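Peer 1: sequence-free structure coming up:
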């Protein structure tokens, strides 16, 4: 009987080239199957982050309105003034006013400033949107006329989602969020949260409800409040 030490030693030859190609092909197939799901999960999580932030913005605007009586930001003399940019770096913008402390020197105490009790919002940075997009802005301006057709860029929303025409009263003041750099998938995820059940096709979903989307420039317009 041969002992173990007498048996010929056979070294492992490892993977052959054909086997290696087969393994790589399987890995590639798995990646192709999983990546879309991963991207969808990421977009869904990011959309939920923005949806939560929207509720915070709405509350801040409601409290501001209750105190000051307007959706427009106050200018230096305490008079409400439309501000179409909505950049937080602009001191006269709505987001800058919402985050302003009532003791700040920018509060001159004139006219409607005497009713200002800010800050109403902890933070708003145009360059760091929560979850979705590359930049965000919070303009406050006049809405389009009641019944006018809603487009991907005008200041009007079909809030009922039934006919594609604006439901905001003629001459209404409206505060909204503009988010740039939004992908189709990210819009779809947020639209499913905010405007679930609105729209029977892609075009209707992009233009109806509180969330509008312009795929030509990857931009969303989200209704917040009006007076």
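Peer 2: The structure has been received and is ready for your questions. Keep in mind the model is a prediction, meaning the values are calculated, not measured. Numbers count the residues shown, from 1 in each chain.
Peer 1: quick one: the helices in the chain?
Peer 2: 17-68, 94-98, 184-194, 202-207 (DSSP state H).
Peer 1: distance of residue 61 from residue 189?
Peer 2: Separation of residue 61 from residue 189 (CB to CB, to the nearest Å): 24 Å. Every C-beta, even on glycine, is put in place using the N, C-alpha and C of the backbone.
Peer 1: and the nearest residue to residue 49 once chain neighbours are set aside, what does it touch?
Peer 2: Of all residues not flanking residue 49 in the chain, residue 131 sits nearest, at 3.1 Å (CB to CB, 6 or more residues apart in numbering). By CB atoms under 8 Å, 6 or more residues apart in numbering, the residues touching residue 131 are 45-50, 53.
Peer 1: and if you look at residue 78?
Peer 2: Residue 78 neighbours (CB under 8 Å, 6+ apart): 108-114.
Peer 1: any idea how far it lies from residue 116?
Peer 2: From residue 78 to residue 116 the distance is 8 Å (CB to CB).
Peer 1: quick check, pLDDT for residue 42.
Peer 2: pLDDT, residue 42: 59.
Peer 1: by mean pLDDT, flag the weakest helix or strand of the chain.
Peer 2: Of all helical and strand segments in the chain, the minimum by mean pLDDT, DSSP states H and E falls on helix 17-68, at a mean of 81.
Peer 1: that one packs against which elements?
Peer 2: helix 94-98, strand 173-180, helix 184-194, strand 219-226 (3 or more CB pairs under 8 Å, 6 or more residues apart in numbering; DSSP states H and E).
Peer 1: and the average pLDDT for stretch 79-94 is what?
Peer 2: 97.
Peer 1: scratch that, stretch 204-212
Peer 2: Here the average pLDDT along stretch 204-212 is 98.
Peer 1: need the residues that contact it.
Peer 2: With contacts defined as CB under 8 Å, 6+ apart, stretch 204-212 is touched by 150-152, 157-159, 161-162, 164, 187-188, 190-191, 194-195, 198-199, 213-215, 220-223.
Peer 1: contacting residues for residue 182?
Peer 2: 132-133, 213, 218-220.
Peer 1: residue 143 too?
Peer 2: By CB under 8 Å, 6+ apart, the neighbours of residue 143 are 155-156, 166, 168-174, 226.
Peer 1: are any of those buried, and which?
Peer 2: 155-156, 166, 168, 172-174, 226 (16 or more other CB atoms under 10 Å).
Peer 1: farthest pair in these?
Peer 2: The distance between the two most remote of the buried ones among the contacts of residue 143 (CB to CB) is 13.7 Å, for 166 and 173.
Peer 1: give the contact list for the nearest residue to residue 134 once chain neighbours are set aside.
Peer 2: Nearest residue to residue 134, sequence neighbours excluded (CB to CB, 6+ apart): residue 181, at 3.1 Å. Applying CB under 8 Å, 6+ apart, we find residue 181 in contact with 133-135, 218.
Peer 1: save those as CSV, and put in distance to residue 124 and neighbour count too.
Peer 2: Compiled in CSV, the contacts of residue 181 are given as follows (distance: CB to CB, whole Å; neighbours: other CB atoms under 10 Å):
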residue, distance to residue 124, neighbour count
133, 13, 23
134, 15, 12
135, 12, 16
218, 21, 17
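Peer 1: great, nothing more from me.
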